[in-house]
Structures are given as C-alpha cells and as structure tokens.
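**Q** take this sequence and fold it.
(3 chains)
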Amino acid sequence: MIGILKGMATTMKHALDGSTFTVEYPDVPPEVSPRFRGVHKFSQERCIWCRQCENVCPNDTIQIVTDDQRNGEQYNLHIGQCIYCRLCEEVCPVDAILLTQNFEFTADTKDEFAYNKEQLKSVPWYKDIDPLASREPDRGAWIGEGEGEVDYQ
Amino acid sequence: MSLEAPEPATQADVGVTDDGLDYDTLEALLGDVVIDRETHLNAEAFVVQPDRVVDALSVLKNKAGFDHLSCVTAQEYEDRYESIYHLKKFDDPTQEVSVVVPTSVHDPTSQSAESVFRTADWHEREAYDLVGIEYDDHPDLRRILLPETWQGHPLRLDADQEQPQVVPLREHANPLQEDHPGGSDTMFLNIGPHHPATHGVLHLKTTLNGEQVADVESDIGYLHRCEEQMCQQGTYRHQIMPYPDRWDYISAGMLNEWAYARTAEDLADIEVPEYAQVIRTMSAELCRIASHLLALGTFALDIYGDFTAIFMYSIRDREVVQDILEDLTGQRLMFNYFRLGGVAWDLPEPREQFFEKTRDFLDELPSRLEEYHNLVTGNEVLQMRSVDTGVIEPEVAKNYGCTGPVARGSGIDYDLRRDDPYGYYEELDWDVVTEDGCDNFSRLLVRLREVEESGKIIDQCLNLLEEWPEDERTIQSNVPRTIKPDPDTEIYRAVEGAKGELGIYIRSDGTDKPGRFKIRSPCFSNLQSLPEMAEGEFIPDLIAALGSLDIVLGEVDR
Amino acid sequence: MTISETLAGALGLGAVNPLEDFVLSLVGAALVGTFILLNTAVAGPWAKRKITAAFTDRIAVNRIGPFGLLIIVADAVRMLSKELVIPDGVDRPAFDLAPLVLVASALLGFAVIPMGNGIQLADPTVGLAFLFAVASIASVALVMAGYASNNKYSMLGGLRAVAQNVAYEIPLVVTAMSVVLFTGTLQTSEIVAAQAEPLLQLGALSIPSWYAFVNPFAFVLFLAANMAEVGRNPFDTPEAPTEIVAGFQTEYSSVYFVLAYLGEFIHIFLGGAILATVFLGGPAGPVLPGFVWFTIKIWAFFLFTQWCRSAIPRVRVDQVIEIGWKGMLVLSFANLLLTAVIVGVIV
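**A** Numbering: from 1, shown residues only, chains lettered A, B, ... in the order given. Okay, the predicted model is just below:
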C-alpha cells in the first residue's frame, strides 16, 4: 500500500508543480543543434563536379549529369529519399555541400521532393542558425546565400 | 527440445590454455567428425560433414562448454552452400569456435542443430528462408522473414530480382490442407500485427484456453528491409555505417554502429585512437540510457494502461539524452557518428557547455531513478503483476541464446562490455548488473540499474575527456579511402547492444564491399524465447513478458 | 423534496395536481439530464485531457477557444462525421442496443440522487436499492456489446466485465448496507439528512457525521469497489487497451463509440454521485450552495479516478477476481457484522 501511495504522491507532485516539457510546435520552434543535419544545400560556385558525393551516397539520392567535357549540367537530389547521413558533405573536397538545420518541408507528391541545383541553392537556413560555426571555419562563402524563394513550410 | 543437465566445470575447460584456446585439443575431442579446418579472424572453424552437425555441436556443448550458439550464418559460394555455427561460452565469450557445414550446390541439405541448441530453430529457418539451405530433422522448417508465398531464396547467387517474387495466397494454397484444425475447446486469437502492445508490427498467433495462453507463436518479418543485402551493396569505408542506426532504431544507434565499426576495424586491421574510444564509450552509454528509458516507458504502458505518467516521464528524461546526442552527432536517432577508425566529430564547441549539459543530466539522474523506483518498482500492484510471471530459467535462456538484460534478469552474468572488452570499458570502474528473479520484474530492474551503471561510465568518460591534452585529441586514425580486405577473410564480432549481443559476420570477397554480411540480432533470439515465458500464463502476462523482452521489430526483422 | 415540488415552489404554484406534477417532473428530468450531460459529455472529455496532461507534464488542448474548451465542438464534429462501420456477422439488435443501454442505465441512476437545493427527480423509499439495480444494468450492456460484436477481443472484454461486475457488485452493496444500518432507511434523501448532524465539535469547526468520517473503513471499501464497478485503474480490465485492444468496445465506431464512451463517463460520475450521497453527505457543505458542493464532490471522484490511472498498474484479470471474492467480499461482510453489532449496542 505504501508503494501505491508513493507512486500517487509522485504523479500528484508533477501535476501540482505545473511544469511541462512539451513544446507548442510550430508556434515555438524546437531548438536545433548547430550540427543538426537537415535539408541539403548546394553551391554551384564551389562545385568542381568530381562526383564523389554521388559515389558515396548510400542510396543513390544524388544524381549528377555532366557533358563530355566533364562540365556539370545538372545536380539533382531526391530529398525525399535522403537519409541525412552527411557523407556527401564529408567527402566533398571543396565544401560545396552543406546540410542545413532546416527540417521542415512538405510536398503533395513524392516527385516534388526531387530538387535541382537552383532549388537546392535557395534552401533557407533555419532560424538564423549558422551551421558553419560547428563545422570547419573556412566555409565563410556560405553566409548570405539562400534567402531564395523555396519555402518548405 | 533438449535441456541437458549442466556439465561439471572441469569438462568445460577442454582446450583452455593461458593464452586462449588450444584448437588442436578441441579437434582431437571432436575426432573424426572434423574433416577440415578453417581460420576465421575471430576463431578457428571446424568443417563438419552435413550429417554430423548434431554430433559436433553436442560434443562442443557438453564436453567443451560451448553453451552459447551465438549465430548461424548461411551463405552460398560458387561451388557450395555453407552454414556456419558461431559458438561461444557464456562464461567467457572470448573463447569462440565456429562449425562450418558445407553442403553441395545441388542438394543443400544438412542436419539441423535444433536438438542441441533450441535457438537454432529460428536461425535455421532464416537460413532456409533467405539462402535456401534445407535442414533435416528441423521441427518446423518454414519461411520466417519473408511471406510464405515468396518464390525462391533472395540471397542465392542466382536470385533473379526481375522475376515475380510473391504469388497470391490463392495460388500458393494447398487445396488438400485443412485450414481450421477445429474440434478443440481452445480459442485462436491473432494478437497483432496491429495491436497496442506489440511495439511494432509483430503478429502473435495465440491459442487461448479461457484467458490462459495455451500456445503462442511469433510471426515476424513485417519489417524486413533487406538490411543485410543493403550492407552487402555498400562500401566498407562509408556506405554501411548509416544503416546500423536503422536496425535497433530506438535511439540505440551508436551501439549498433559500434558493432559494425568493431567488426570492420578488426577485419581491415584499423587502429582507433584512444580519445575516440572514450568518446565512443560515452556516446554508446548515452544511447543505452535512452534505450532503456524507452523500454521502461513502454513496459509501463503495457502494465499500467495508456494513461500512465511513467511513459511521459521516461520520454522526458530520454529527451534530455537525445538533446545531448544531437549536440554531439547532429541527429537525434540516425546518428551516423562512428567512422572506421574513430568518430566523425570531436565534442562540440564550446566543450565546457557540453560537459555542463551532460553533467547536469547525470546529476539529475539519481533523483529521476528514485522517482521511477517510487512509481514502478516500489509499487505493490506492479510487483503483484510482474514478480514470478514470464519466468525463464537461466538454462532455458542460454539454450535460446538470450542475451542482454533478458539473460541478466535470469541471473546469467554475461556482458560483452566486460567479458569481451572493447572500447574503453576495461579502464573504467563499473559493474555488470544481474538479478536472479528470472521474471518480468527482474528484467525491469536490471534495466533500471543498468541506467545507473551507464551514468557511472559516462561520468568517468567526461572526466577523462575534460582532462585530455588538447594536442592529443585525435578523433580518427588514418584510414585509406577504399578498404579492400583480402578475399575470403571471415570474421564474427559482437558488442553489447542495448538489447543484448549484437554480432556481425562479414566475409570479404576482395572488393570494397562485403561478400556476405550477416547480422546477429539480440532481439531475434530473445523474442524466440517468448513461448517459454508466456505459455500457461494469462494474456496480460503474455503482454508483460513481451514488454519486458524489449524487442524492436526493426532489429528482429532487419 | 423532489424537483417537481421545487419547481412548483419557484413558479409560485400551490398544490399541484397530478398532471402538473407530471409536466414539472418532465421539465425537471430534462434539466437534470442536461446538467449531467453537460458535465460528462462536454466538460468531461476536456477535463480528462487537461487532468491527464497535468499528471504527465504535458500542455494538452489549448488551441481552440479559451483553454482549448471548444475542442469539444471539434470532437463532436469529428466523432459524428465518421463512418459508422458495422462489421460483418454482428448480432444486429444487441449490437445497436448495447451502447444505448449503457448510457441509459447510467443516466437513470441520477433520478434518485439528491443534488441539493431541492433538486431530486424522485425520492422513492427504496432509492438506494433502485440506484444499485439500475447501475448494474450496465453489465448487461457490456455483455451484449461483447457478445454481439463478433470479435474475440470484444468477447474477452465482455466476459471480463461480467466477471468483474459480479465480483464487485456484492461488496459494493453489502458495504452500502452498513450505512443503511445507521440510517434505517433506503430513501436517499433520508440518508443524506442523517449525515447532517454534527459528529464532533472542535471549537468553531463542526465535523458533520458523514459516513466517510463515521466509518472510514467502509468508505475505503466502497471506494475500491466503486472503482472496479466503473472499470477504472487499477480495475480497468474490461477495456485493458494494451491487452485486449479496447475490450467490449473494440468494434464500435462513430456515434456508437461516442455513446459507449459517454456511457463510461456517465458511469464514473454516477459512481461519484453514489459515493457522495452515501458517504459524503450528499450536497452538504459550508458556505456554497448544496448543488455546487454536489458538483464538486462528483468531480473530485472523477479526478481521483484519473489520478489512479496515472500511477496504479492494471491488476491482472484473475487477480481482480481474487481480490473481489477473497478480499473485498470478506471484508465487506466483516464490516457489515461489526457495524450491526455497534449499531445494536449504541442504539
């Protein structure tokens, strides 16, 4: 009987102290770590079309089309298929890929999740967090990019 | 089922020398059963005729003390099929031996090991299902992971993915077979695949006698995602590591990654810097805490009903752990944090903040655990419900290959972190938790106490990391971009996952991708013991036993 | 005083003839029914969300309306607009009737409850017996639902419900009998009146002779049996969502689900009303009007059931029966005998 009463006292204590731990999403956006791996972002200026990201991707999310001079023509990413492993960012020799903090995006069909390089460039940052701070410091070129029109909400 | 009486200890020491096992003595013990010997990286393997499997295994089990059939791997070569029985000792899992059973390509039939090790039942069914090796005298050789209407065996070399693989049940049905046994006064009840208490898509075919469980059979495979095959198609260096996170996806990702990291590092002979080992140890234990907290919460759901506060409290505490892990790895569940030869990232800057956050959690932990003890273990009604229900005796548990908290709840003192040390565990001060109750309550208690021990480990790791000299913080050793182990190198390695012994067998074929990748899932073996716990009990006890097993269907079905 | 007399007084009618009495009673019944439904169907589900959330450190409904109160409207629209799925092979009349019987039996019980300020629909001399008789019709509804649904989980739930109700009905009634020994009447208004006298005088504070104070042991017994009777933790085995999905109501959807769910709620409140009437002085209480006190008391019982839900495990079905027959029954008879002896000696 003591055990039962102890248990009931514990829950009552929680009821009375009034603290909650759930958040009112989306009114209150959750805190996201600087290292968080969200939607993929791509920089055409930096990319040297070495195709390492395409090779390392574990489930063929990245598709690159080059012409016979090995100049890049297309960079497509099926974000609906991405498992956010960050291997592409890791192998990229010129830091042309960055996984942003943005995790909020919806679409009506799966096809809408196939992004081309323009769409990838304008992936917005999440809540002004600068993921670069948590990565290596030499990626300053990223700042400022990505206030474009793709809105995932 | 065979439950031999435990042999005297003297006999269990055959071949044991100061510096490991003397395989020649073992071979002599086996006598003419052995036709050849192979060397795997983890242990020697004896090649045995397909019709002498029971002889070989029972000698090894009863005379040499190899009482743990950890895993059965089946694979096809160009010229033969092979079943490998990975044997260990519960007393000392570093003492390993494998039994290799080759069978011909035309008639892949070998003797079943089920009469020696009960756990071989499901393992051999899986081998039959995926590779297509037939096992003579197997009590119930049916498909286990794939639907019964599946055509062919997908891990065969000649498996043609273009062919239709599943036929409708109608075409598959045997018109002569009676579909209802009938004539008995029991009731058949499908629990699952969608049921509030199956923790995923598990189907329990239950036969009830009133409210009592007369028979229960697990039907698994609803979440089979070809994880083994996916790993076989990924490169060692990068592409496999994201997948272990998805086996036991209940925030135990780091523990799973370690299983792959350990196996692949031993296979390719990669050194891991000490600093990375400490980080690995710390993050793995954080995962264990998160995983055990969820196990506690869902067990409470099963026993208390869906309005219990315990579930939310444990989720709240788990949330703190997940925040820490997110800071460290960048993800909340699918960490992909380990790399061959180290980890992906050093601790996040500013380090002080990370230490403080983790310390705060550890400082809170005792009072939280106190709360759980007040709410759960101290509750008389819970004790009434869980003490002496779902009992599994240690000998039975060993026979079923139970590991992890399930085995330790039955008093089996077996923990790979201590018995087969890896990482930084050896240097740290912590204890293996065991309980002797063998019941649902003991398993619950083991988990709660393990959270405490994990807290101790993390605290020591934090101290180490804090004092680590700044210029020696190497997080990754120098690993070549492409790893190509020598062809036909075989290795089986296991780590202590959240649910038990998580083992991986890899055979290399000379390329940068594994030739065969086999996962020994602890949940798979643990779930197999459910009938032992539940038969004769009431439905609520069946549910409680299932909850106390703490299975994750992603890991059972892979 | 019944509600028709109260209404007649309020309207300034003198002596009422049978026809006027009938009409006034109907009006009264409508008022009481509305009040009960307001509590159970409107406030209940909202309060339940809020209370459960408080116990589990969550926020709970707060989007629609002030404090999320309008969630009830959303709920109603959602529930009523869902498809009513009637599975193959159900036993039609029984399947349809069960939710109705469940609600009706619970509502009927409120007819003899004195709610204070002269609000009582009927005051028969066998009030208490009527109350228990009507409340236990619910078990019939549960069996009907369980059996007619043509579902094994429902069947198990129905069987559990009956086994449990039979096991706990007897201790419940026998414990209530011990109160009747004090009052010497089954009339609910008399039982309430008997509790008005002061038991103890501590300075200015007068403790009334509520039977919860007079015989706390009987009160605890009654409370426990009542929890089993309304099927809440630790005795919610008939539903037991993690074991038998939803027990007897597994196959009910849409409106039928609403009715079954509502029936459960009304039963909890009826349980609270019985408890208040028999042990807590009915509508009695200081300062506030009796009617308010009565409402507070039934809500207190509701809160208590939710509190138990948050912290007490479900007892296994065989243990439920064992506690009922081996524990509660014996204790309740012991209580009855003891009370009889004491009452005999004192009076």
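**Q** going forward, measure contacts and count neighbours with C-alpha atoms only.
**A** Noted.
**Q** counting neighbours, which bits of the helix ranked longest in chain A end up buried?
**A** Among the segments of chain A that qualify as a helix by DSSP state H, the longest is helix A:2-17. For helix A:2-17, burial by neighbour count (16 or more other Cα atoms under 10 Å in any protein chain shown) applies to A:G3, A:I4, A:L5, A:K6, A:G7, A:M8, A:A9, A:T10, A:T11, A:M12, A:H14, A:A15.
**Q** any idea which helix or strand comes after it?
**A** With elements assigned by DSSP states H and E, the helix or strand that comes after helix A:2-17 is strand A:40-42.
**Q** neighbouring strands for that following strand, and are they parallel or not?
**A** Strand A:40-42 sits in its sheet next to strand A:97-99 (antiparallel), going by DSSP bridges.
**Q** which residues are contacting the partner strand?
**A** A:F36, A:R37, A:G38, A:V39, A:H40, A:K41, A:F42, A:S43, A:Y84, A:R86, A:C88, A:E89 (Cα atoms under 8 Å, 6 or more residues apart in numbering or on different chains).
**Q** now do 10 Å
**A** Strand A:97-99 is touched from outside by A:35-44, A:46-47, A:53, A:84-86, A:88-92, A:120-121, A:123, A:125, A:131-132, A:135, A:139, A:142, with contacts defined as Cα atoms under 10 Å, 6 or more residues apart in numbering or on different chains.
**Q** which of those count as buried?
**A** Buried by 16+ other Cα under 10 Å: A:35-43, A:47, A:53, A:84-86, A:88-92, A:120-121, A:123, A:125, A:131-132, A:142, out of the contacts of strand A:97-99.
**Q** if we can go back for a sec, sort out for me which of the contacts of strand A:97-99 are in strands.
**A** Counting by DSSP state E, the part of the contacts of strand A:97-99 found in strands is A:H40, A:K41, A:F42.
**Q** so what's the first one up against?
**A** Read that as A:H40. Applying Cα under 10 Å, 6+ apart, the residues contacting A:H40 are A:77, A:79, A:82, A:84, A:86, A:88-89, A:97-103, A:115, A:120-121, A:123.
**Q** now do 7 Å
**A** Taking Cα atoms under 7 Å, 6 or more residues apart in numbering or on different chains, we find A:H40 in contact with A:I97, A:L98, A:L99, A:T100, A:L120.
**Q** give the burial count for the first one, as a bare number.
**A** Read it as A:I97. Using other Cα atoms under 10 Å in any protein chain shown, A:I97 has 24 other residues around it.
**Q** look up how far A:C53 lies from it.
**A** To A:C53, A:I97 is 9 Å away according to Cα to Cα, to the nearest Å.
**Q** one more: B:T25?
**A** Going from B:T25 to A:C53 by Cα to Cα gives 52 Å.
**Q** now the buried residues of helix A:2-17 as JSON lines including distance to B:E274 and pLDDT?
**A** Output for the buried residues of helix A:2-17, formatted as JSON lines (distance: Cα to Cα, whole Å; pLDDT from 0 to 100):
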{"residue": "A:G3", "distance to B:E274": "46", "pLDDT": "81"}
{"residue": "A:I4", "distance to B:E274": "47", "pLDDT": "83"}
{"residue": "A:L5", "distance to B:E274": "49", "pLDDT": "84"}
{"residue": "A:K6", "distance to B:E274": "45", "pLDDT": "84"}
{"residue": "A:G7", "distance to B:E274": "44", "pLDDT": "82"}
{"residue": "A:M8", "distance to B:E274": "47", "pLDDT": "84"}
{"residue": "A:A9", "distance to B:E274": "46", "pLDDT": "85"}
{"residue": "A:T10", "distance to B:E274": "43", "pLDDT": "84"}
{"residue": "A:T11", "distance to B:E274": "44", "pLDDT": "84"}
{"residue": "A:M12", "distance to B:E274": "47", "pLDDT": "85"}
{"residue": "A:H14", "distance to B:E274": "43", "pLDDT": "84"}
{"residue": "A:A15", "distance to B:E274": "46", "pLDDT": "82"}
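**Q** tell me the pLDDT of the residue in the stretch 201-347 of chain C that chain A sits nearest to.
**A** Here the residue of the stretch 201-347 of chain C nearest chain A is C:A311; by Cα to the nearest Cα that distance is 5.4 Å. Note for C:A311: predicted pLDDT of 85.
**Q** I figured it hits A:M8, correct?
**A** Yes. With contact defined as Cα atoms under 7 Å, C:A311 counts as touching A:M8 (5.4 Å).
**Q** about what we covered before: now, which of the buried residues of helix A:2-17 lie close to chain C?
**A** Counting by Cα under 7 Å from any Cα of the partner chain, A:I4, A:G7, A:M8, A:T11, A:M12, A:H14, A:A15 from those sit close to chain C.
**Q** so what strands line up beside the longest strand anywhere in chain A?
**A** Longest strand in chain A by number of residues (criterion: DSSP E): strand A:72-78. Applying DSSP bridges to the sheet, strand A:72-78 is found paired with strand A:62-66 (antiparallel), strand A:114-115 (antiparallel).
**Q** quick one: contacts of that strand?
**A** Residues outside strand A:72-78 that contact it (Cα under 7 Å, 6+ apart) are A:49, A:61-67, A:113-117.
**Q** selection in PyMOL covering whichever of those are buried, please.
**A** Per 16+ other Cα under 10 Å, the buried members of the contacts of strand A:72-78 correspond to this PyMOL selection:
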select buried, chain A and resi 49+61+62+63+64+113+114+115+116+117
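**Q** so which of the contacts of strand A:72-78 comes closest to chain C?
**A** Of these, the one sitting nearest to chain C (Cα to the nearest Cα) turns out to be A:F113, at 30.8 Å.
**Q** right, and the closest one touches A:I79 too?
**A** Yes. Look at A:F113 against A:I79 with Cα under 7 Å: they come within range, at 5.3 Å.
**Q** which ones are touching the residue in the stretch 151-300 of chain C that chain B sits nearest to?
**A** With Cα to the nearest Cα as the measure, C:T242 is the residue of the stretch 151-300 of chain C nearest to chain B, at 5.0 Å. By Cα under 7 Å, 6+ apart, the contact set of C:T242 is B:P196, B:A197, B:D302, B:G305.
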